[in-house]
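> starting from these lines, generate the structure:
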Amino acid sequence: MHLPWDRPSLEALIRKVISTGEASKIDLKSNFELSEAQQQGEFLKDISAIANTYNHYYRNHGFIIFGARQNNMTYCNFSNNEDHLQATIDDLIKKYLGPFIITHLFIFTEGEKKWGVLVIPPTKTAPHVFISDIHKRCRGDVYVRSGTTTTKAHPDDYVRFFRQHLEEHTYEFQQSINDLQREVSLLKSQIKKIKTFPTLQKREKLTSKTKAASDIPEITKQYQSISEQIDDLFAKEEDVVTKGLLTEAKKINDFLESSEIPWAISSVEKTQSKEIFSKIESVSNEFWSAVISIVLKDDKGIYDEALVKAITYLARMMNAPSGVSYTELGKNVRYYPLLVALYIICIVGVAKKRDKLLKRILKINLQGRSRYEEPLPITYILFFIRSSANVFQPLYDAYPNSKWCDPVASYTKSLIDRILNPDDLLWDKDNEFYRGEYVLCIAPMDILEKETKKPMIGHPSSGLFLFIGIAEPIIVRLLKQDKEWLKKVFERPLEEILKEFDNTAHLLINGSGGFGGGFEGKAFEIAFPEKVKKVLPTQ
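Numbers count the residues shown, from 1 in each chain. Coordinates of the predicted model:
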């Protein structure tokens, strides 16, 4: 499971949390010790209680912080490294709690001192119950947090557990109802148009074929009421566009939630990869083509709202239906239709200077199946889909003898080259691709944590621009010539985003196992040379 924060952002967030003190999903502990049954039982009680509690702060994530008390770091010792201690925690949870609770342990250092946090992401399988006895915790016990106190669950808590499960199991049914309601609404709109369509007044019979056109009486409209007149006045053609886009988005979503693509993909060969993407492209091509046409041709932004609605409809967290087994490969490859749509909008949007549209699209959230799932920024799919890189890799012609450094971006470049072909002699495929991709990949750094107003992600997404040499001069020109326009796209100051890019982009290259060679630094210096301190040479 992906966390909404990278490691540096999480550390900054937890320091802020420590200053505010304990809450329903925040527990401060002076030490980390699991050697005795009493300590294990207490620890498991706290984990299960936080997992069983809902709180919208910090996107419903819980934190057990070690080596801290309110407004003060006390530090503590850890008997082993993160991986070993995480395995110990997982083993305890498997043995004593059910269903299993996912956790993430982080240990931070300050010189010789250490402190840490156990992050407990939101769960869809509450209540989590003790399944074995351990030091005063009995089989069948269910714990929750009420304020800063841990207690056994009350009847009201079980109502919430049931409601959450009900929402999960009836998700598809509810979506069908929503789709039907949307169709009815559009039909009503069309019926109103028909009712208010102008009627022709009787025309006098023409006595001569050469009678002047000016003799024909003007066409007038007959209305039953003022409301019909208003409806007619505001009736617009984008209703047709909205309906068409939503119909195609629904077709894609229905396909993704089905088993047409296996949910439990494990290992993938070239034939299977080709089959998967052939299906994805077949069902998505019409939607992608419509998006291309709108962003390319709609300079006035008449259809921006229709496009935002369609992308919002498609922006859903990919979760397997209840009871269906899945893998990260099978789940995250399903973000590909949405990813391609974002690439198209950013590539064409940057080329056409559509800053208002870009800003709206990049602020859309991914919605979950349940109201208890906190939404995530749409740009998180840039990270999610790279968990499915092994599905993309076999599509490389030279595979398995050679591999792509960034399989997702590499295949996407080849797809975009096929489907995005404007009737414009000045259109440069490489130039527009890398400009748009760069803007898309630094967009995650524009996301701020609601409670702290601090960045949630302190680094860009990977992209082909990091590895391909021709991307460097293209992005250099973008930063030099269009920095004032780029400022309109982002909420945060562009200077801050570019500084973070310079400090972290190389880490993505190192983590890929490949070599750089593209645009990987000095973005701030290129865009804002006047703000770079000049170091005078020593005599």
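
> kindly report the domain assignment for this structure.
The chain breaks down into these domains under automatic domain parsing: 7-169, 237-400, 428-530.

> which of the ones you listed sits closest to residue 187?
Across the domains of the chain, residue 187 has its closest neighbour in domain 237-400 (9.6 Å, C-beta to C-beta). C-betas here are computed from N, CA, C, even on glycine.

> quick one: distance of that closest one to the chain centre.
Distance, stretch centre to chain centre, for domain 237-400: 10 Å (C-alpha atoms, centre = their mean, to the nearest Å).

> geometric centre of this protein: which residue is closest?
residue 378 (2.8 Å; C-alpha atoms, centre = their mean).

> that one against residue 362, yeah?
Yes - Residue 378 is in contact with residue 362 according to C-beta atoms under 8 Å; the separation is 6.8 Å.

> OK, contacts around the residue found closest to residue 392 once you drop the neighbours it is linked to in the chain?
Counting by C-beta to C-beta, 6 or more residues apart in numbering, residue 392 lies nearest to residue 407, which is 3.7 Å off, once chain neighbours are set aside. The contact partners of residue 407, by C-beta atoms under 8 Å, 6 or more residues apart in numbering, come to 389-390, 392-393, 395-396.

> which of the residues you listed fall in helices?
Within these, residues falling in helices by DSSP state H are 389-390, 392.

> out of the residues you listed, which one sits closest to residue 246?
Closest approach to residue 246 among the ones in helices among the contacts of residue 407 (C-beta to C-beta): residue 392, at 28.4 Å.

> so, low pLDDT: which residues of the stretch 251-400 of the chain?
Within the stretch 251-400 of the chain, the stretches with pLDDT under 70 are 372.

> any chance you could map the helices in it?
Taking DSSP state H, counting those that start in this stretch, the helices of the stretch 251-400 of the chain run over residues 270-297, 304-314, 328-332, 336-351, 355-362, 381-384, 389-392.

> who touches the third one?
Right, helix 328-332. For helix 328-332, using C-beta under 8 Å, 6+ apart, the contacting residues are 261-266, 268, 318-320, 384-388, 390-391.

> also the fourth one?
By C-beta under 8 Å, 6+ apart, the surrounding residues in contact with helix 336-351 are 252, 256, 277, 280, 283-284, 287-288, 291-292, 295-296, 307, 311, 314-315, 354-355, 357-358, 361, 378-379, 381-382, 385, 408, 412, 415-416, 420, 427, 432-433, 435-437, 439-440, 478.

> circling back to that earlier point, gap between the residue nearest to residue 392 and residue 388?
Distance, residue 407 to residue 388, using C-beta to C-beta, to the nearest Å: 9 Å.

> same check, this time on residue 330
Plainly put, residue 330 is 8 Å away from residue 388 if you go by C-beta to C-beta.

> same deal with residue 130?
To residue 388, residue 130 is 35 Å away according to C-beta to C-beta.

> ok, residue 277 next?
Counting by C-beta to C-beta, the separation of residue 277 from residue 388 is 11 Å.

> please identify which of these two sits among more neighbours.
residue 388 (24 against 19; other C-beta atoms under 10 Å).

> now do the contacts for the more buried one.
265, 328-333, 335, 408.

> of those residues, buried ones?
Buried members of these, scored by 16 or more other C-beta atoms under 10 Å, are 265, 329-333, 335, 408.

> I'd like these as a markdown table, with distance to residue 344 appended.
Shown next, in a markdown table, are those (distance: C-beta to C-beta, whole Å):
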| residue | distance to residue 344 |
| --- | --- |
| 265 | 25 |
| 329 | 24 |
| 330 | 25 |
| 331 | 23 |
| 332 | 20 |
| 333 | 18 |
| 335 | 15 |
| 408 | 15 |
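
> let me know the closest of the residues you listed to residue 502.
residue 408 (23.1 Å).

> isn't the closest one up against residue 386?
Yes - with contact defined as C-beta under 8 Å, residue 408 reaches residue 386; the gap is 5.6 Å.

> now do the shared contacts for those two.
Jointly contacting residue 408 and residue 386 under the rule C-beta under 8 Å, 6+ apart are residue 462.

> helix, strand or coil: sort out residue 116 for me.
Under DSSP: H, G, I helix; E, B strand; the rest coil, the three-state class of residue 116 is strand.

> thank you kindly, that will do.
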